[in-house]
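Enquirer: Here is my input; please provide its structure:
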Amino acid sequence: VSEAQASAAALAREHACIVCVSGEVDFVTDGTDSLLVSNGHPLLTKITGAGCTVTTICAAAVAAEGVPGSLASPADRRKALEAVAAAMAIFGLAAERGMARDEVRGPGSLTVALNDELYLMTPEDVRSGVRIAPGPSMA
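Expert: Numbering: from 1, shown residues only. This next block holds a predicted model:
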């Protein structure tokens, strides 16, 4: 467990929330359990607003699951944890698919391709493309 992961888990426990540390492999935790997301592309760090966009997608995913804001029950925490990991994976997958386009040459063209790929992505694309694995126990 890295220092960033331990800090994220402590923050999640203290505030009863989900915390995500993005990087080459994203770390998502509720303070006890964690998931690792391996989708994405390094060029995402060069896109202004990418973090704000993926945060909004994470919030929408949690809301779509009908999770109350308090995350009082273990079942609600698990649903929120999985929703955030799925949102991070889908966003990362859209970036990977965007980077596979011939016309993408840098962050500007990736921004357009990323938006297109989010729009074009099918449930089958998601099922076959996301890479989410169990992370270390943070209990």
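
Enquirer: can you give me phi and psi for the residue lying closest to Val130 once chain neighbours are set aside?
Expert: When the adjacent residues along the chain are set aside, Val130 lies closest to Ala89, with 3.8 Å between them (CB to CB, 6 or more residues apart in numbering). C-beta here means a position set from N, CA and C on the backbone, and glycine is covered the same way. For Ala89, the backbone dihedrals are phi -70, psi -40 (criterion: degrees, to the nearest 10).

Enquirer: likewise the one 3 residues further on?
Expert: Backbone dihedrals for Gly92, given as degrees, to the nearest 10, come out at phi -60, psi -40.

Enquirer: Find the centremost residue of the chain, please.
Expert: Centroid check for the chain by CA atoms, centre = their mean gives Met88 as the closest residue, at 1.7 Å.

Enquirer: Show me what the helix or strand containing it is packed up against.
Expert: In this assignment (DSSP states H and E), Met88 forms part of helix 74-99. Counting contacts by 3 or more CB pairs under 8 Å, 6 or more residues apart in numbering; DSSP states H and E, helix 74-99 packs against strand 26-29, strand 34-37, helix 50-64, helix 107-120, helix 123-129, strand 132-134.

Enquirer: rerun that using 6 Å as the cut-off
Expert: Packing partners of helix 74-99 (3 or more CB pairs under 6 Å, 6 or more residues apart in numbering; DSSP states H and E): strand 26-29, strand 34-37, helix 50-64, helix 107-120.

Enquirer: Let me know which of these is tucked in deepest.
Expert: Of the helices and strands packed on helix 74-99, the one with the most neighbours on average (mean count of other CB atoms under 10 Å) is strand 26-29, at a mean of 26.

Enquirer: Which strands border that one, and is each parallel or antiparallel?
Expert: Strand 26-29 pairs in its sheet with strand 19-21 (antiparallel), strand 34-37 (antiparallel), by DSSP bridges.
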